[in-house]
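Chemist: quick check, what structure comes out for this input:
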Amino acid sequence: MKAATLAEIKKELKHKSEDELLSYCLSLSRFKKENKELLTYLLFEASDEEAYIQSVKNEIELQFTDINTHNYYWMKKTIRKVLKETRKFIRYSKKKTTEVELLLYFCYQMQSLSPSIKENTSLSNLYERLIISIRKTISKMEEDLQYDYNLQVDELENKS
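Modeler: From the prediction side, this is the model:
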């Protein structure tokens, strides 16, 4: 079966009743965990972005406490997994401020790890790429927000 384009789906959904749309949404939520998470964000958390950011930060912190720091191989695997989850939560929101705040928090968590990420080339490269990504996102924001976030990024870079 070939999937229809987004435009075709949008056009067809306009002709459906409210009950049919509701049943389609519920069907989507049954098939994939990400669909259910996205619907949860849209229905319950999109109205309070600050609480959403805080809950994701708590999740990041929890995942960082579970990192196996006995060798760098396991650290890399777990950090990449946490970053993948973080980017998924960023995708749900689609807001630049949420993206910057979560990635900054992720970087703070990476810096606080022991043994240091500076001792491992791939982890330090990952960290540098994240900083570049954060700066790129900040450059697309309003000037007053740019200033505040750039201060935080500078502080992060000075610590490392």
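
Chemist: show me where pLDDT drops low in this protein?
Modeler: Scanning the chain for pLDDT under 70 picks out the ranges 160.

Chemist: what's the neighbour count on residue 138?
Modeler: Using other C-beta atoms under 10 Å, residue 138 is surrounded by 21 other residues. For every residue, glycine as well, the C-beta is placed using N, CA and C.

Chemist: what are the neighbouring residues in contact with it?
Modeler: 100, 145, 146, 149, 150, 153 (C-beta atoms under 8 Å, 6 or more residues apart in numbering).

Chemist: also residue 95?
Modeler: residue 49.

Chemist: okay, now stretch 9-20: how far is its last residue from its first?
Modeler: 14 Å (C-alpha to C-alpha, to the nearest Å).

Chemist: next, the buried residues of it.
Modeler: For stretch 9-20, burial by neighbour count (16 or more other C-beta atoms under 10 Å) applies to no residue.

Chemist: residues in contact with it?
Modeler: 4, 21, 24.

Chemist: do the same with stretch 124-132
Modeler: The contact list for stretch 124-132 (C-beta under 8 Å, 6+ apart) reads 76, 79-80, 83, 103, 106-107, 110-111, 117-118, 153, 156-157, 160.

Chemist: change it to 10 Å
Modeler: 76, 79-80, 83, 86, 103-104, 106-107, 110-111, 116-118, 120, 153, 156-157, 160 (C-beta atoms under 10 Å, 6 or more residues apart in numbering).

Chemist: nothing else from me, thank you.
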